[in-house]
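Asker: here is a sequence with its predicted model. Questions after.
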Amino acid sequence: MNSPKGFLLIEALVAVLILSAALAASLGALGQALRLTRCAEAHTRAVHALEDLLFDLETGGRADLLRYGGKGPLEDYQYEIKSVPIEIATSLLPTSFYDLSMRLISNGGRDFLSIESFLKEGWFL
């Protein structure tokens, strides 16, 4: 009963149990890291798509959104643009500006990113 072989077997089983627990914990952490990486990649793609949309607004490519606002899909998100015209009378000519409120909304309905901006209509023409 007190043989060294039996003692070595129990030590080996305890070592395997400890290593198994450590491996299971590391795999759980690895899975969480992969989920966070996928989420960050989706956010990055959505922000780049929103930057492209902002560029289109600034250069006149989407004058409809500048004047009227709108909603639409953008990668795995939805964008929402509210546009309020502001008339500013100067000594030269009246100038139209738009107060823009842009939101990037996740499919779960939570805001991911909000941007407030002013754009001048026609500066790109």
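Answerer: Arrived safely, thanks for sending.

Asker: between the two ends of stretch 80-99, how far is it?
Answerer: End-to-end distance for stretch 80-99, by CA to CA, to the nearest Å: 14 Å.

Asker: name the next helix or strand downstream of the helix or strand hosting E51, please.
Answerer: Following DSSP states H and E, one finds E51 within helix 4-59. Under the assignment DSSP H and E, the closest C-terminal helix or strand after helix 4-59 is helix 63-68.

Asker: tell me which residues of that next one come out buried.
Answerer: L65, L66 (16 or more other CB atoms under 10 Å). C-betas here are computed from N, CA, C, even on glycine.

Asker: paired strands for the following helix or strand past that helix, with orientation please.
Answerer: Proceeding N to C from helix 63-68, the next assigned helix or strand is strand 70-74, under DSSP H and E. Here strand 70-74 is paired, per DSSP bridges, with strand 77-89 (antiparallel).

Asker: mind listing what's buried in the partner strand?
Answerer: Neighbour count says strand 77-89 has Y77, Q78, Y79, E80, I81, S83 buried, by 16+ other CB under 10 Å.

Asker: what angle separates the helix holding E51 from strand 70-74?
Answerer: 140 degrees (axes from the mean of the first three to the mean of the last three CA atoms, to 10 degrees).

Asker: about what we covered before: can you redo the buried residues of strand 77-89 as TSV with pLDDT and distance to R38?
Answerer: Output for the buried residues of strand 77-89, formatted as TSV (pLDDT from 0 to 100; distance: CB to CB, whole Å):
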residue	pLDDT	distance to R38
Y77	83	14
Q78	86	19
Y79	86	21
E80	88	24
I81	88	27
S83	86	33
